[in-house]
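>>> Sharing a sequence plus its predicted fold:
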Amino acid sequence: MFLKAHLVTCLFLLHKMASATRSLLRAARPAGVRTQIRLASTSSKTLSLKERLAELIPAEIENVKATRAAHGKKAFGPVIVDQLYGGMRGLPALIWDGSVLDAEEGIRFRGKTIPECQALLPKAPGGSEPLPEGLFWLLVTGEIPTQEQVTALSKEWAARAALPEFVEEILDRCPPTLHPMSQFSLAVTALNHNSAFAKAYQEGVNKKEYWGPVFEDCMDLIAKLPNIAGRIYRNVFAQQAQGKLPAIDANKDYSANLSTLLGFGENPAFVELMRLYITIHSDHEGGNVSAHTGKLVGSALSDPFLSYAAALNGLAGPLHGLANQEVLIWLKKMQSKLGEEPTDEAVKEYIWSTLKSGQVVPGYGHAVLRKTDPRYTAQREFALKHLPDDKMFKLVGQIYHLVPDILLEAGKAKNPWPNVDAHSGVLLTHYGMDQMQFYTVLFGVSRAFGVAAQLIWDRALGAPLERPKSYSTAAIQKIFKDKS
C-alpha cells in the first residue's frame, strides 16, 4: 500500500515537472516559431475548411478593428484628378486579403510567391503542380493545408458538383452560336435559385452569421463550375456529345475531374496543366475588373452566384479575360505570314509593323507589373518540361527575347515584359484545345477561387456597401476655379 502511494506521488511530480518544462520551452521559442507550431498542431486535427475558418474569424475581426484604430485616420495615397479620368488606376481604395500584386515582385497569394506555392502546396500522387484545392485553402485561411485536408476538400467539391436539372436544360437549349462566356454567366446566375445565403437572408439571419451561408454558396459555386464548363464545351465544340457528360469521380481531384468533363482526362500532362492554370489564374488582387465586380456586387448582399455572374461578364471583355485569345490570333497570323520557324529579323520586322499600324503587341505590358509576370514564367517552365519542341512555344520564346528591347526603343510601354496571357493559349493549343472562344471560360473557373474567398471574408468582417463618390467634369472645374 505504501509503495503504491509512493509511486502515485512520483508520477504526479514527474507530470508537474514535464508540464513546467513544456511551458519554459514554449516561452523560450520566438513568436514566429510558436505560431508555426500552433498552426501545425491545429492542422493535425484535420479540421474541415469551414471549421478552421470559424476558428479564424473572431481573431481577424479584432485584427481589423485594431488596424482601423491605429491607422484609420491616416492618409493613404493622394488622389489626383487624372486618376478619376484614368479609370482609378493605382488608386488605393479596396481591401483584398487573398493576394497583393507588387510591381517588381509579382503576385503573392497570402504572402507566398508562385514558386513558393508550387513548392509548398500539396500535389496529386505522381504530380508536380500544386492542387487548386490547396490554393483555395490558403486563400481562405492564410495557411498551407495538409494532404489530408486537401483530399477531403476534393471529395466535398465532388459531392457538391451536380447541377440542378433546369440549369442543365438551360445550357442544352442555348444555341451553339451563343458565346461560351454568355452561357457561363447565364448558368451561374441560374444557380441563384438554390442560394443558401438568399434563403437565410429572407429568413432574417443575423449579420454576424452571414459568412456561414455565403461559405456554403461559394463551395457550391466552385464545385459546380467544372460541370458547367464541361457541358458548354461539349455542347458548343463537340455537339455529337451534347448533354452527355461523364460522372464526377469522388476519388479524383478538382482538376482531374474538370479535364475529364472537357474530354482531356486521359492525358496526364493536360491534367497537370489544369492544376497549374487554375492555381496561377485564381487571384490577382482586387482591382482587376472581374475581382472588383464580384466584390462590388457582393457588397449589396447579392448572393455569391449573382456576384460571380457579374464578375464573369467583366471577365468576358477584350481588355481582361479575352487577352489570351488575342495573343493566339496574333501568333497564328505571324506564323501564317512568316512560316513556323521564322528568323529573328523577320520576327522583328513583324513586331515593328504591328506597332507602326497603331496596334499593341498583345500579351506584353501590365497595368501594375514592371517585370516579367511570374505567371508567364511558371507556364514557360511547364512548357520547357512538357513541350520543348512545340513550334508555337518556340515562337513565343523567340518573341520573349525580342519584344522587350523593341518596346523600349519605341517608347511604347512602361513595362515591356510579357504577362500571363502571352503564354496560356499556346499551352492549351498544344494539347488539342484550340477553340479560343472557350479559353475565358477556363479563366472564369479559375478566378472564382479568389473572388469566392474574398466574398466569404467580406461577409465575415461585415464589409459595408461600396459607394465611392463621383464628380462631373463641371464639378471638377468648379472645385479648382481660381486656384493655382
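Received the coordinates, thanks.

>>> which residues in the stretch 51-200 of the chain form helices?
81-85, 114-120, 132-141, 147-159, 165-173, 180-190, 196-202 (DSSP state H, counting those that start in this stretch).

>>> Now tell me what touches the first one from outside.
If you take C-beta atoms under 8 Å, 6 or more residues apart in numbering as the criterion, helix 81-85 is touched by Arg89, Gly90, Leu91, Tyr471, Ile476, Phe480. For glycine as for every other residue, the C-beta is placed from the backbone atoms N, C-alpha and C.

>>> and that helix, how far out from the chain's middle?
Offset of helix 81-85 from its chain centre (C-alpha atoms, centre = their mean, to the nearest Å): 29 Å.

>>> same check, this time on the fifth one
How far helix 165-173 lies from its chain's middle: 27 Å, per C-alpha atoms, centre = their mean.

>>> quick one: contacts of that helix?
Gln183, Leu186, Ala187, Ala190, Leu191, His193, Ile228, Arg231, Ile232, Asn235, Gln242, Gly243.

>>> Would you format these as TSV with distance to Ile399 included?
Formatted as TSV, the contacts of helix 165-173 follow (distance: C-beta to C-beta, whole Å):
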residue	distance to Ile399
Gln183	33
Leu186	36
Ala187	36
Ala190	41
Leu191	40
His193	46
Ile228	34
Arg231	35
Ile232	31
Asn235	35
Gln242	38
Gly243	41
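
>>> middle-most residue in this protein, spatially?
Closest to where the C-alpha atoms of the chain average out (C-alpha atoms, centre = their mean) is Ser282, at 1.3 Å.

>>> I'd like to know how far that one sits from Leu427.
Per C-beta to C-beta, to the nearest Å, Ser282 is found 17 Å from Leu427.

>>> likewise Ala69?
47 Å.

>>> which sections of this structure are below the confidence cut-off?
Applying pLDDT under 70 to the chain flags the ranges 1-44, 239-243, 367, 412-413, 484.

>>> When Ala69 and Leu427 are compared, which one has more neighbours?
Taking neighbours as other C-beta atoms under 10 Å, Ala69 and Leu427 compare with Leu427 leading, 25 against 9.

>>> show me the residues around Leu261 that make contact.
Counted by C-beta under 8 Å, 6+ apart, Leu261 has contacts Pro226, Asn227, Ala229, Gly230, Arg231, Tyr233, Leu245, Pro246, Ile248.

>>> mind redoing it with 6 Å?
Contact analysis of Leu261 by C-beta atoms under 6 Å, 6 or more residues apart in numbering lists Pro226, Gly230, Leu245.

>>> which of those residues tops the neighbour count?
Within these, most neighbours by other C-beta under 10 Å means Pro226, with 25 neighbours.

>>> Find the nearest non-adjacent residue to that one, please.
In this structure, Pro226 finds its nearest non-sequential neighbour in Leu258, 4.0 Å apart by C-beta to C-beta, 6 or more residues apart in numbering.

>>> now swap in Gly126 and tell me
Pro268 (7.9 Å).

>>> Number of residues surrounding the one you found?
Pro268, neighbours per other C-beta under 10 Å, totals 14.

>>> and it, backbone torsions?
Phi and psi for Pro268, reported as degrees, to the nearest 10, are phi -60, psi -30.

>>> Distance-wise, check it relative to Trp96.
Going from Pro268 to Trp96 by C-beta to C-beta gives 34 Å.

>>> same deal with Ile278?
Looking at Ile278 against Trp96, where the rule is C-beta to C-beta, the gap reads 19 Å.

>>> Counting neighbours around each, name which of the two comes out higher.
A count of neighbours by other C-beta under 10 Å puts Ile278 above the other of Ile278 and Trp96, at 27 against 22.

>>> That one is in what secondary structure piece?
helix 268-281 (DSSP states H and E).

>>> Show me what that helix is packed against.
Helix 268-281 is packed against helix 132-141, helix 254-262, helix 374-386, helix 439-460, with contacts defined by 3 or more C-beta pairs under 6 Å, 6 or more residues apart in numbering; DSSP states H and E.

>>> Contacts for stretch 437-454, please.
96, 98, 136, 139-140, 180-181, 184, 218, 222, 225, 229, 233, 278, 281-283, 290-291, 294-295, 308, 311-312, 315, 321-322, 324-325.

>>> Now it: buried residues?
Buried residues in stretch 437-454, counted by 16 or more other C-beta atoms under 10 Å: 438-454.
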